[in-house]
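**Student:** Got a predicted model here, sequence first, then my questions.
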Amino acid sequence: MFLDTPLYPCDALEPGLGCAVSIKLETANPVRSFKARGTEVIASLLAGGGSRAVVCASAGNLGQALAWSGRGRGLDVTVVASRFAPAAKLGRIRALGATLELVDGDFDMARERAADLARYEGIRLVEDSLDIETCEGAATIGLELVDSKPSFDAVLIALGGGALATGVGHVVKALAPEVEVICVQPLGAPAMTRSFRERRVVTTDSTDTIADGVAGRRPIPAVLDDLLLVADDAVLVQEASIMAGMRMLLDHAGLVVEPSAALGIAAILEDRDRFAGRHVVTIVCGGNVDLAAYHRWVGVAPGHGS
Ligand SMILES: Cc1ncc(COP(=O)(O)O)c(C=O)c1O
């Protein structure tokens, strides 16, 4: 259900971007993001073992995916999230039967709380990007990409904790090393990109971006080590470009995407020369948005079409 997702050239984007763009579509599944590729592996391993309780911190999409994967296997899933996470994501986590605990802080505070809970209760902690299954799940996207024809020149990957970029990057660098692996983060949440550039962990005190799925302050050292091996570049984009990217994906691809999923288009918009004449794949990695915010970002009044 989460594998073998569509990959197609989106010609309608080409005039506005000046390069050929293919979309790898990760939103047409029950949780509307790629994260279930990894949680399906985690949940099936847990279901086959002794312990049936599991906790994770989530910006919203991992929690939804773990709740979905755990529900069908009788797992007891707890998700810790920020109370500022999009209501649509939090609502779906609850609707899927997980216990949702909210922290009065950001994603990195949710990470601390989830680790504490796992320690007190002696249950499995799923650490996104650090646990190998979360990266392996993303790596299946890489396998599907390198199997594709025609081949492409670069892949643009939203960068948060790094599971998506390291998973896809490992496969691409192993099987199609000529393809450029470019990670994209918002200027308002630059910790991992700065860490990549300085080749050491750099943290920030806060984040300020609409791309809630990638808004971390504290990169995980082991994930940075992996990223340094497999990524060619990491770039930062402005909020206005993210919104313009969301709008382009709506207008020209008919896709409602969350801000993190528009980072690739934003990167092309900000550096057309770099991509001119090339064939670029962008992974449209999530589509969970609060509608009112979405309408504000793309500039379409609710109920009035475009
Ligand atoms: C839609 C979306 N895009 C990108 C990311 C970033 O992925 P990663 O944390 O694996 O780098 C996430 C993470 O939850 C996400 O939900």
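**Tutor:** Happy to help now that I have it.
**Student:** From the ligand, how far out is Arg113?
**Tutor:** Arg113 sits at a distance of 17 Å from the ligand (criterion: Cβ to the nearest ligand atom, to the nearest Å). Placement of C-beta: from N, CA and C, glycine included.
**Student:** where's the closest residue to Leu117 other than its chain neighbours, which helix or strand?
**Tutor:** Leaving aside its sequence neighbours, Leu117 sits nearest to Val55 (Cβ to Cβ, 6 or more residues apart in numbering; 5.1 Å). Under the criterion of DSSP states H and E, Val55 resides in strand 53-58.
**Student:** ok, and the closest non-adjacent residue to the closest residue to the ligand within the stretch 151-300 of the chain?
**Tutor:** Of all residues in the stretch 151-300 of the chain, Gly286 sits closest to the ligand, at 2.4 Å by Cβ to the nearest ligand atom. Spatial nearest neighbour of Gly286, chain neighbours left out: Ser33 (3.9 Å); criterion: Cβ to Cβ, 6+ apart.
**Student:** just Met246 next, same as before
**Tutor:** Using Cβ to Cβ, 6+ apart, the nearest residue to Met246 is Ala262, at 4.4 Å.
**Student:** Would you mind confirming that the residue nearest to Leu117 makes contact with Arg124?
**Tutor:** Yes. Here Val55 reaches Arg124: they are 7.2 Å apart, a contact under Cβ atoms under 8 Å.
**Student:** In terms of neighbours, single out the busier of those two.
**Tutor:** With neighbours defined as other Cβ atoms under 10 Å, Val55 and Arg124 compare such that Val55 has more, 25 against 18.
**Student:** Any idea which residue of the stretch 1-150 of the chain lies closest to the ligand?
**Tutor:** For the stretch 1-150 of the chain, Cβ to the nearest ligand atom, closest residue to the ligand: Asn61, 3.3 Å.
**Student:** Can you give me the distance of that residue to Arg199?
**Tutor:** 28 Å (Cβ to Cβ, to the nearest Å).
**Student:** which of the two has more neighbours?
**Tutor:** Asn61 (31 against 10).
**Student:** Point out where the stretch 201-306 of the chain drops to low pLDDT.
**Tutor:** For the stretch 201-306 of the chain, the stretches flagged by pLDDT under 70 are 301-306.
**Student:** can you pull out the helices in the stretch 201-306 of the chain?
**Tutor:** Along the stretch 201-306 of the chain, counting by DSSP state H, counting those that start in this stretch, helices occupy 221-230, 239-253, 263-270, 272-275, 291-298.
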